[in-house]
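Novice: no sequence on hand, only this structure:
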């Protein structure tokens with residue numbers, strides 16, 4: 001399990017597929033972020049869970065990059 005979390009190529013693939021799906025008319029996670037930036041008016045709990053689901057690969061990639069940068073400096 002830890003090996004999967006430390007595979008940058010797999011995390012990037014997850015971001016480009018699951019994180020951005022569906023791609024049209026705009027990436028889903030991008031639409032949710034714009035909605036939140038506009039005040040999140042009308043967002044239901046399902047919308048927040050959907051954002052978490054589509055945003056989780058990006059969080060894992062961010063964690064991976066931070067770990068790589070911190071460990072490289074040590």
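Specialist: Perfect, thanks for sending it. Just so we're clear, the structure is a prediction, and the values are computed from it rather than from any experiment.
Novice: is residue 39 within a helix or a strand, and which one?
Specialist: Using DSSP states H and E, residue 39 sits within no helix or strand.
Novice: and stretch 56-63, what's buried?
Specialist: Neighbour-count burial for stretch 56-63, with 16 or more other Cβ atoms under 10 Å as criterion, is recorded at 57, 58, 60, 61. In short, each C-beta sits where N, CA and C put it, glycine included.
Novice: list the buried residues for the helix or strand hosting the third one?
Specialist: Mapping residue 60 onto the secondary structure by DSSP H and E places it in helix 45-73. By neighbour count, and taking 16+ other Cβ under 10 Å as the criterion, the buried residues in helix 45-73 are 50, 51, 54, 55, 57, 58, 60, 61, 64.
Novice: isn't the fifth one up against residue 15?
Specialist: To tie it back to what came earlier, the one meant is residue 57. Yes - Residue 57 is within contact range of residue 15, at 4.5 Å (criterion: Cβ atoms under 8 Å).
Novice: report pLDDT for residue 55.
Specialist: Looking at residue 55, its pLDDT is 92.
Novice: excluding covalently adjacent residues, which one is nearest to it?
Specialist: The shortest distance from residue 55 to any residue other than its chain neighbours is 5.5 Å, reached at residue 29 (Cβ to Cβ, 6 or more residues apart in numbering).
Novice: burial check on that neighbour, number of neighbours?
Specialist: 22 (other Cβ atoms under 10 Å).
Novice: I appreciate the help and will end here.
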